[in-house]
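**Q** Need coordinates for the following:
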Amino acid sequence: MSRAIEQIVETYVKLKNRRGLEELMLHRQRLAVDLKGRSGYDFSLPIGQIEEEIAIIEAGLVRLRSTEPAAASA
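**A** Numbering: from 1, shown residues only. Reported below is the predicted structural model:
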């Protein structure tokens, strides 16, 4: 799944779609919180994958910020 997320993030960065990236990250963060709150099964593997995806998305947001013009000082 990481490769798919990498491609999605790459597309959002190329399109300068910050909102899409932020929504994608929020969704993954909610999934991680939900899985961490469950018991009765070892969710460590999917949690690890989701955390990896969050890191990929965060890196995309950093790249997007670096391409945006600096805010003008008033």
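
**Q** Give me the nearest residue to Thr67, chain neighbours excluded.
**A** Excluding the flanking residues, the one nearest Thr67 by Cβ to Cβ, 6 or more residues apart in numbering is Lys16, at 7.1 Å. Placement of C-beta: from N, CA and C, glycine included.

**Q** what number of residues lie near the one you found?
**A** 11 (other Cβ atoms under 10 Å).

**Q** contacting residues around it?
**A** Counting by Cβ atoms under 8 Å, 6 or more residues apart in numbering, Lys16 touches 64, 67-68.

**Q** Low-confidence bits of the chain, can you list those?
**A** 1, 70-74 (pLDDT under 70).

**Q** in it, which residue is closest to the centre?
**A** Ile57 (2.9 Å; Cα atoms, centre = their mean).

**Q** I figured it hits Ile5, correct?
**A** Yes. Counting by Cβ atoms under 8 Å, Ile57 touches Ile5, with 7.0 Å between them.

**Q** residues shared between the contacts of these two?
**A** Shared contacts of Ile57 and Ile5 (Cβ under 8 Å, 6+ apart): Leu24.

**Q** Now do the helices in this structure.
**A** 2-14, 18-36, 44-67 (DSSP state H).

**Q** The shortest one versus helix 44-67: what angle between them?
**A** This points to helix 2-14. Interaxial angle, helix 2-14 versus helix 44-67 (axes from the mean of the first three to the mean of the last three Cα atoms, to 10 degrees): 20 degrees.
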